[in-house]
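Undergrad: Sequence and predicted structure, then a few things I'm wondering about:
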Amino acid sequence: MKRSSLLRIVIPGLLIPLSLALLAFALPWTRGDDSSAGLADENSAEATPSPEPVDVAKQQGDVFQWWIAVATATAPTPTATPTPWPSPYDVAAEDLPSAVPPPGVTYGPDERWIAVNVTTQRAYGLTGGKVEHVALVTTGMPGFETKTGEYRINYRKQTETMDSETIGIPRDDPLGYYLTDVYWTQYFYPTVALHSNYWQPISVFGHVASSHGCVGMLEGDAKWFWDFAKYGTRVVVYG
C-alpha cells in the first residue's frame, strides 16, 4: 500500500478521538452549572464551614452582666459621714446663762477676776458675781495637775515659746515639748499660764486634762481673757 493512502486512513481515525477528548475538556469550562464549578463550590464549602446561629439574647445578657460587674467595681464605696464634735464655743454659749461664781469666794462688786474649774474643765471671766464669759479649757493632766488656790497674773506675753526644759523635762522625752507662737500667754504661777493651745485636738477642750499644768484654750477664748485681764488680775483655781 502506498504511503499516502495509509495516511488518508490513519489521520481521520485519530482526529475523531482527539476531537472528543478536546470537547470533554472544554465543555465544563463553558457551563455555569458544570461539574467543575460544582466541585469548586463543594470544595469551598468544605474549607469554610457554615457559621453557627447567633444567640442574640445570650449576647445581650452577657453584655449586661459585664456592665453590672464594671459598674460595681468602679462605683465608690460609700463612707459614713462622721459626726462633728460640738464646737466648744457653742457649748460655752449654752453654759453661760446658768454659770455662777465658785462657792465660798468673795469679790468686789466691780472686780474683774477669773475662775478655773479643773473638774469641769471650764474657765470663767467675771465682773463681781456676774459671769461675762465661759471657755472650755484643758488643764493639767495627772502628774501635772493645775494646783487649786488663788493667784494673780504676774507676767504677760502676747507670743510665747514654751520649752519643756524649763520645767526639767528634756525635749526628746515622751513628755517633752518645744512650742512656738503660743499666743495670749498670761502667767499666774512661775510656769503656769492661761494661753492658747493649737496642738491639741478640739475634742479635749472641756473634757480632758492634757497639759503640763497650764490652762490651755482655743485662741478666741485666750484673746478674750487677754483683753479682759491685766497685771494683778486675780485667778481662782478650784474644783
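TA: Noted; the coordinates are in hand.

Undergrad: Any idea which helix or strand in this structure has the lowest mean pLDDT?
TA: helix 35-47 (a mean of 44; mean pLDDT, DSSP states H and E).

Undergrad: how about the helices of this structure, start to end?
TA: For the chain, helices defined by DSSP state H occupy the ranges 3-26, 35-47, 56-74, 88-95, 219-228.

Undergrad: Pick out the shakiest of those helices, pLDDT-wise.
TA: Of all the helices of the chain, the minimum mean pLDDT falls on helix 35-47 (a mean of 44).

Undergrad: Tell me the spacing between the closest residue in space to residue 96 that isn't next to it in sequence and residue 172.
TA: Nearest non-adjacent residue to residue 96, counting by Cβ to Cβ, 6 or more residues apart in numbering: residue 134, 4.9 Å away. Placement of C-beta: from N, CA and C, glycine included. Per Cβ to Cβ, to the nearest Å, residue 134 is found 38 Å from residue 172.

Undergrad: More neighbours: the two, which one.
TA: Taking other Cβ atoms under 10 Å, residue 134 and residue 172 do not tie; residue 134 has more neighbours (23 against 8).

Undergrad: pLDDT wise, what is the more buried one at?
TA: 98.

Undergrad: close enough to count as contact, it and residue 99?
TA: Yes: Residue 134 lies in contact with residue 99 (Cβ atoms under 8 Å); the separation is 5.4 Å.

Undergrad: overlap in contacts of these two?
TA: In terms of Cβ atoms under 8 Å, 6 or more residues apart in numbering, residue 134 and residue 99 are both contacted by the residues 122, 124.

Undergrad: same for the longest strand along the chain, what does it pack against?
TA: Criterion DSSP state E: the longest strand present in the chain is strand 178-189. Counting contacts by 3 or more Cβ pairs under 8 Å, 6 or more residues apart in numbering; DSSP states H and E, strand 178-189 is packed against strand 149-152, strand 155-163, strand 192-196, helix 219-228.
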